[in-house]
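Novice: I'll drop the sequence and a predicted model, then ask my questions.
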Amino acid sequence: QVQLVESGGGLVQPGGSLRLSCAASGRTFDSVVGWFRQAPGKGREFVAAIRWSSDSAWYGDVAKGRFTIARDNAKGTVALQMNSLKPEDTAVYYCASQTPGRDIIGTMSSEYNYWGQGTQVTVSS
């Protein structure tokens, strides 16, 4: 069992930065934790994911070059640093975890079994 709680969302101007945090508890040492986002009227979109054990990461096209995912073992958190934000980045951002022990980084929401409640990110002037 894994519990996830997101924080750090808010309103930011285009070109600005925002840092999201996901506090993870439970069995995380051998899990993959990822970030997805969902804009109104659209499906959940893969943003980035990281293996807790090895720190290796994978990014979706929407994140490459602008977002960075990182985990902090001591704090039990996974952060998503978002730079150069655009209005099209506006969405609810979700933290999610795959079943513990599954080492392959998935990019589909169906591959993740545990979800946080989501945090709203709005990019607007």
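Specialist: Received the coordinates, thanks.

Novice: Near residue 110, how many other residues are there?
Specialist: 7 (other C-beta atoms under 10 Å). Just so you know, the C-beta spots here come from the backbone N, C-alpha and C atoms, and that holds for glycine as well.

Novice: Before we go further, it is sitting in a helix, right?
Specialist: Yes - counting by DSSP: H, G, I helix; E, B strand; the rest coil, residue 110 is found in a helix.

Novice: residue closest to the middle of the chain?
Specialist: Centroid check for the chain by C-alpha atoms, centre = their mean gives residue 35 as the closest residue, at 2.0 Å.

Novice: tell me which element that one is part of?
Specialist: In the assignment (DSSP states H and E), residue 35 maps to strand 32-38.

Novice: list the helices and strands that strand packs on?
Specialist: Strand 32-38 is packed against strand 18-26, strand 45-51, strand 77-82, strand 91-97, with contacts defined by 3 or more C-beta pairs under 8 Å, 6 or more residues apart in numbering; DSSP states H and E.

Novice: among the ones you listed, which is the most enclosed?
Specialist: strand 91-97 (a mean of 24; mean count of other C-beta atoms under 10 Å).

Novice: Name every strand pairing with the helix or strand just after that strand and say which way it goes.
Specialist: Under the assignment DSSP H and E, the closest C-terminal helix or strand after strand 91-97 is strand 114-115. Sheet pairing of strand 114-115 (DSSP bridges) gives strand 91-97 (antiparallel).
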